[in-house]
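J.: curious how this folds, go ahead:
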Amino acid sequence: MDFGVRRAKTSKSLKTGGKHRLQFYKLPPTETISLQEFEEFAIERLKVLKAIENAGIRYMRGSDEYNALVEKEIKKTKLHRITRTDFSVDDNEYRMDHISHFILRLAYCRSEDLKRWFLQQELDLFRYRFTKETAEGKQKFLQDNSLDYNPISEEEKNKVLQDLIASAGKNSSTADTVEYFKVPFTEVLDLVRGRKVFLHKGFAYVPKDDMISILITHYRAHLSQQLALTSRALPQLEEDNRLLPMLSGLSKRYLGQDYSSKKSNMGKITAEMIDTLSKQSFPPCMQNLHQAMKRDHHLKHGGRMQYGLFLKGIGLSLEEALRFWKMEFTKIMDGEKFDKQYSYNIRHNYGKEGKRADYTPYSCNKIIMSNAPGPGDNHGCPFRHTDADLLAQKLRLQGINKDFTEKIMKFTREGHYQIACKWYFDATHSGTDDPDTAINHPNQYFDESQAFHSGKKEGKVMNTPSRAGSQRSSQGTPMSQPSQSSQPVSQNATEYDEMMDDDNYMASMETV
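T.: Numbers count the residues shown, from 1 in each chain. Reported below is the predicted structural model:
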């Protein structure tokens, strides 16, 4: 099955890669591509943008650490050749770069939050790629995009040289040898804000090394306008039931390891081990669900889905899962009621009922992006769905020290919930030494914790906690939060539709 979108004709040089490999993405692609390529290109670019985001959170943009991490992560993708600095342009490389941008533009134009995220990551990616270019490459890009900025004359430079030196800061010693460009100050507002340029009569004198600010301004204006136009055109795609589910799911897409079942541990985890493991290696979201179930001897539908699939992912077999849930629920109901009302849901999660699909545990993106928990619910992400003051209080009660608490709360308030979770992991696993690792999945958190406690790179299930300190820090007050019913979103459109059909049926049956 092929998917084609007709647009204005693309120039011959664009098709053949004759233009500069770095671009503002002004001309959309016109060729026909398969749905398989459509999804593959989108996922590869999404990996690149996620790498840009993670590096920007951890390090100052442009620093050596930032550049090293970005390059390391991009090289793991099929778009790894975009980091090259030679002049050769491979047609396949250019094609994937070009098409993947426009696919994500479609996927991320549906809300203001998605637009902001996509815009910021694309700008940072452009900045990273441009700064890697050689002087010749940068000049070629300016020419190809008709950005004919000419340096000021020596005569004009001498007139304002003292002001240029004063504005150069730590680079003042080289100010007299650097080329300067005179541009309207509105084109370099970030430099103006940082007091990095000399202003005179509405113009900013920009050193050559800071020309990227001018380009970013142009690119931002262009991409913002195009995202708005794409958003208005999006309703036309509603008639195409092949693309809309795929586009809608991209913003929630999990790109890491498949945790549909922990084959290596399947059968090794028993119901009796869950309580100990929850104190040792469960992420805060799952700690909260476990403690809520121990307290209330029940979880609502959203909590059972999130927690049940997580337990499946760590290696709890169907038989042990039925025993685990029944042991707790029958403290407030008889066994017959449990068998009638709840065992179907558990077997369904393992693909033994309904559509018999092998459902995957929820990723962090899904938990964060799904509907927020409502009254009486306990699912969701504590960093996303808990009041900030209450979250800080719970961290203190768990014995998290002041420095870690402040870092966790900083990233929580800035909306970087997965980074906050990584800091929580570091706070409860003293001595971790992999700052580049990001937490993208609750089951990844569990595996990392198990690997830490076993002292091995590959996680190994342990029956008892190896460090009393870790156990204490995990025990405290549960990181509870007001939760809401979360509609499951699978990794592909077919699984999503099937799961929603069965989930809605089970939720309605539970209500009845």
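
J.: how much space separates the residue nearest to L161 when sequence neighbours are not counted from Q162?
T.: Nearest residue to L161, sequence neighbours excluded (CB to CB, 6 or more residues apart in numbering): D176, at 6.2 Å. C-beta: built from backbone N, CA, C; applies to glycine. Separation of D176 from Q162 (CB to CB, to the nearest Å): 10 Å.

J.: that older thread, now the residue nearest to L161: phi and psi?
T.: Backbone torsions for D176, taken as degrees, to the nearest 10, come to phi -70, psi -10.

J.: please report phi then psi for the residue lying farthest from the centre of the chain.
T.: Residue farthest from the centre of the chain, counting by CA atoms, centre = their mean, is E155 at 50.3 Å. Reported as degrees, to the nearest 10, the phi and psi values for E155 are phi -60, psi -50.

J.: and for the residue nearest to L161, the neighbour number?
T.: Using other CB atoms under 10 Å, D176 has 12 other residues around it.

J.: need the contact list for it.
T.: Shown in contact with D176 (CB atoms under 8 Å, 6 or more residues apart in numbering): 161, 164-165.

J.: and these, which are buried?
T.: 164-165 (16 or more other CB atoms under 10 Å).

J.: longest helix of the chain, counting residues only.
T.: helix 35-58 (DSSP state H).

J.: hang on, the earlier thing: how much space is there between the residue nearest to L161 and A292?
T.: In terms of CB to CB, D176 sits 67 Å off from A292.

J.: again with G374
T.: 14 Å.

J.: who has more neighbours, those two?
T.: More neighbours surround A292 than the other of G374 and A292, with 22 against 15 (other CB under 10 Å).

J.: in a helix, that's where that one is, yeah?
T.: Yes: assessed by DSSP: H, G, I helix; E, B strand; the rest coil, A292 belongs to a helix.

J.: show me what the helix or strand following the longest helix of the chain is packed against.
T.: Using DSSP states H and E, the helix or strand that follows helix 35-58 towards the C-terminus is helix 64-74. Judged by 3 or more CB pairs under 8 Å, 6 or more residues apart in numbering; DSSP states H and E, the packing partners of helix 64-74 are helix 35-58.

J.: and the helix it packs on, how far from the chain's centre?
T.: Centre-to-centre, helix 35-58 and its host chain are 9 Å apart (CA atoms, centre = their mean, to the nearest Å).

J.: and what of stretch 149-159?
T.: Centre-to-centre, stretch 149-159 and its host chain are 45 Å apart (CA atoms, centre = their mean).

J.: one step back: can you list the buried residues in the longest helix of the chain?
T.: Neighbour count says helix 35-58 has 37-56, 58 buried, by 16+ other CB under 10 Å.

J.: which element is R356 on?
T.: Counting by DSSP H and E, R356 is part of no helix or strand.

J.: phi first, then psi, for it.
T.: phi 60, psi 40.

J.: quick thing: my sequence starts at 7, can you match it?
T.: Sure thing, new numbering starts at 7, so read that last one as R362.

J.: am I right that Y211 is in a strand?
T.: Yes: assignment of Y211 by three-state DSSP places it within a strand.

J.: what are the boundaries of the strands in the chain?
T.: Secondary structure of the chain (DSSP state E): strands at 8-10, 38-40, 186-190, 204-206, 209-213.

J.: from K408, how far out is Y31?
T.: Y31 sits at a distance of 46 Å from K408 (criterion: CB to CB).

J.: looking at those two, which is more packed in?
T.: Y31 (17 against 9).

J.: OK, contacts around the residue lying closest to that one once chain neighbours are set aside?
T.: Leaving aside its chain neighbours, Y31 sits nearest to H107 (5.0 Å; criterion: CB to CB, 6+ apart). By CB under 8 Å, 6+ apart, the contact set of H107 is 31, 51, 128.

J.: quick one: the second one from P379, how far?
T.: R51 sits 32 Å away from P379, going by CB to CB.

J.: for the last one, same thing?
T.: Remark: distance between E128 and P379 (CB to CB) = 32 Å.

J.: quick one: the helices in the stretch 257-406 of the chain, in order.
T.: Taking DSSP state H, counting those that start in this stretch, the helices of the stretch 257-406 of the chain run over residues 280-287, 290-302, 307-320, 324-335, 341-347, 349-355, 370-375, 388-391, 394-403.

J.: closest one to T137 among these?
T.: Closest to T137 of the helices of the stretch 257-406 of the chain is helix 370-375 (CB to CB; 29.2 Å).

J.: C-alpha coordinates for the closest one, PDB please?
T.: Only the C-alpha atoms of helix 370-375 are listed here, as PDB (Å, rounded to 0.1, in the frame of the first residue of the first chain):
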ATOM      1  CA  CYS A 370       6.500   6.900  30.500                       C
ATOM      2  CA  ASN A 371       5.200   8.900  27.500                       C
ATOM      3  CA  LYS A 372       1.900   7.000  27.600                       C
ATOM      4  CA  ILE A 373       1.400   7.400  31.300                       C
ATOM      5  CA  ILE A 374       2.300  11.100  31.200                       C
ATOM      6  CA  MET A 375       0.300  12.000  28.000                       C
END
